[in-house]
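In: 3D model of this:
(chains A and B)
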Amino acid sequence: MNAPAQQSSDQREANDQRESDVWARLATVSDPELDESVAAMGFVDTIQIDATGEVQIGFRLPTYWCAPNFAFLMAHDMREAVESLSWVSTAIISLRDHCNAKEINHGVGAGLSFGDTFPGQTAAELDKLRATFRRKAFKRRQELLLRHLKGADMTPQQLCAMHMGELATLPLEDDEALNLRARYQEIRGEFGGPAGEGDLAFTTDSGEMLTPDGFGDYLQDLRRVRVNAEFNANLCRGILQTRYGETAEE
Amino acid sequence: MFKTSDGEEIFVIDAHIHLWDARPENQRNVHGAQFINCFHNYQKGLSPEEYHWSTEKFQYYGADILYEDVFVNGYADMAICQPTYLKEFYVNGFNTTEQNAVLRDKYPNQVLLNGAFDPRDGEPGLDALTELVEAYKVTGVKLYTAEWHGDSKGYKLTDPWARRYLEHAQGLGIKNVHVHKGPTILPLNRDAFDVADVDDAATDFPELNFIVDHVGLPRLDDFCWIATQETNVYGGLAVAAAFVHSRPRYFAEMMAELLFWVGEDKLLFASDYGIWQPKWLIEKFMAFEMPEDLKAETGVDLTLDVKRKILGLNAAKLYGIDIEAQKTKISAG
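Out: Reported below is the predicted structural model:
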């Protein structure tokens, strides 16, 4: 009796490991509109893994009407992220309780583009939409980090003149600050001009220099983007919880 | 009328109420069922528990309960009925001008009735709009740009037919255009919530006032920017106001943004009744104070004067209501 029990315990451990690998991959997939991960938002509620390496992922959104373009992007990105794990043969993504669930599940499952998933209903792919929200994500992440550093007694002069290399070596202590910096560094290369060690850490999304004089107004401008994103994320969490009675991670 | 603890009277106009019929026999399909479920989740998600309704009551509450909730217990002196037709989802429509007119006819001094149009109705719809304005004497319209219509899943205010309708509406004496952005619009690659078309329409129709429902949420950031540029763009506070209870800090942050960018003269209180009830919304809104850190950072405050504007004065201006005269009319019945 011992051997099979031992075996199943090993198997269980292996399965647990695989499941946490999948969660770790899902943590890298964002709801593009909110710039929050699909895992942290509580959108994913089931993961099933079989012996052949097939992973089934079930997810649902706060409403039946959530925008189909963002739902498609999340499903597409989840499939790609999970299939990047070496042991995964295929990831089957299944959205439910949504007005376009059937089309999205079919399209993502068959590897179709958005245009082929919704023939005749779209004029282009989703690149532009994704870029618009990625730009907002840049602004939000930058504002959060700037606000934090300002709160830690750094002056606008210091922040406007800081280089990427200095930012990377700032002695930050708490997890929150480390996380804010990592999230900003992750996106900085996409906006704000060159992002080498000697380049300015904080520039506008189009790469213009910040000045100490205009710093307050600039932050106020960015604040709008963050407040909007946080408001939406809160609303989504609240409605998801009401719809399914589960608590999403804050 | 809301009375402060000092006995000061605040005239209240609720800029967004509904009298809908979402009973199962009126639901055309699964979309109709999901639409009302979604609204109900908003109620349950953001209201204090004692204001949650049963499914049956939420599907249909009727004119008497509405009157009690909005005007007797809910402090509103006046309220604006904003129709949402949804004929693709509901056999007789969800909340039509005709349905709402019953309420207005019963309480003409307190209920303001708005109409609606859908630019995808083409030429015949223009005539129907003329008839609607003549029959119901409306001076405002509510547009739901994400409404499904045959194969179409929505429209933009910049569509050529939308412009024709706006021109026509203006010619018929319409002054106020309430715009609600929803989740589906074709082509699907676009951001359905994008408020940029309101910006263009507001520039092209300077005589019209554009009141953006839910202050543009989930695009509050873009809405703030547009309302800063366009003098005839206003924000309705439905949905946003409900956060005063469940998430007061976010409510504070959002109000600070709105007051900073949009300004105290361009925000309208709205309950979205029957999703939320004006009684608790107004009580909590009146009791709310802007946190010191946000006041210091943004330089704005939510004083009694600002609250008075948001709760009634701003809407009164848009709808040409003389508050003192209206009070007399209301108390005379």
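In: Using CSV, write down the CA coordinates of stretch B:280-300.
Out: The C-alpha coordinates for stretch B:280-300 follow below in CSV (Å, rounded to 0.1, in the frame of the first residue of the first chain):
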residue,chain,number,x,y,z
TRP,B,280,-28.9,57.1,0.9
LEU,B,281,-26.9,58.6,-1.9
ILE,B,282,-27.9,62.1,-0.9
GLU,B,283,-27.5,61.5,2.8
LYS,B,284,-24.0,60.2,2.3
PHE,B,285,-23.1,62.8,-0.2
MET,B,286,-24.2,65.6,2.1
ALA,B,287,-22.3,64.1,5.0
PHE,B,288,-19.2,63.6,2.9
GLU,B,289,-16.2,65.9,3.4
MET,B,290,-13.2,66.1,1.1
PRO,B,291,-10.1,64.7,2.9
GLU,B,292,-7.5,67.3,3.8
ASP,B,293,-4.7,65.7,1.8
LEU,B,294,-6.7,65.9,-1.4
LYS,B,295,-7.8,69.4,-0.7
ALA,B,296,-4.2,70.4,-0.2
GLU,B,297,-3.0,68.5,-3.3
THR,B,298,-5.7,69.6,-5.8
GLY,B,299,-6.9,72.8,-4.3
VAL,B,300,-10.5,71.9,-4.6
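In: Quick check on the nearest residue to residue B:273 once chain neighbours are set aside: phi, psi?
Out: What sits nearest to residue B:273 in space, not counting adjacent residues and going by CB to CB, 6 or more residues apart in numbering or on different chains, is residue B:17, at 4.2 Å. To be clear about C-beta, it is placed using only N, CA and C from the backbone, and glycine gets the same treatment. Phi and psi for residue B:17, reported as degrees, to the nearest 10, are phi -130, psi 160.
In: how close does residue B:17 sit to residue B:270?
Out: Distance of residue B:17 to residue B:270, computed by CB to CB, to the nearest Å: 8 Å.
In: between these two, which one's more packed in?
Out: Neighbour comparison, residue B:17 and residue B:270: the larger count goes to residue B:270, with 31 against 28 (by other CB atoms under 10 Å in any protein chain shown).
In: Residues of chain A that sit close to chain B?
Out: A:33, A:62-69, A:99, A:114-115, A:118, A:121-126, A:128-129, A:132, A:136, A:220, A:223-225, A:227-228, A:230-232, A:234-235, A:238-239, A:241-243 (CB under 8 Å from any CB of the partner chain).
In: Type out the ChimeraX command that picks the buried ones from those residues.
Out: To isolate the buried ones among the residues of chain A next to chain B in ChimeraX, judged by 16 or more other CB atoms under 10 Å in any protein chain shown, type:
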select /A:33,62,63,64,65,66,67,68,69,99,114,115,118,121,122,126,129,136,220,223,224,225,227,228,230,231,232,234,235,238,239,241,242,243
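In: Narrow the residues of chain A next to chain B to those in helices?
Out: A:68-69, A:114-115, A:128-129, A:132, A:136, A:220, A:223-225, A:227-228, A:230-232, A:234-235, A:238-239, A:241-243 (DSSP state H).
In: Isn't the residue nearest to residue B:273 up against residue B:277?
Out: No. Using CB atoms under 8 Å, residue B:17 makes no contact with residue B:277, being 10.2 Å away.
In: Now do the shared contacts for those two.
Out: B:70, B:271 (CB atoms under 8 Å, 6 or more residues apart in numbering or on different chains).
In: For residue B:60, give its distance to chain A.
Out: Distance, residue B:60 to chain A, by CB to the nearest CB, to the nearest Å: 20 Å.
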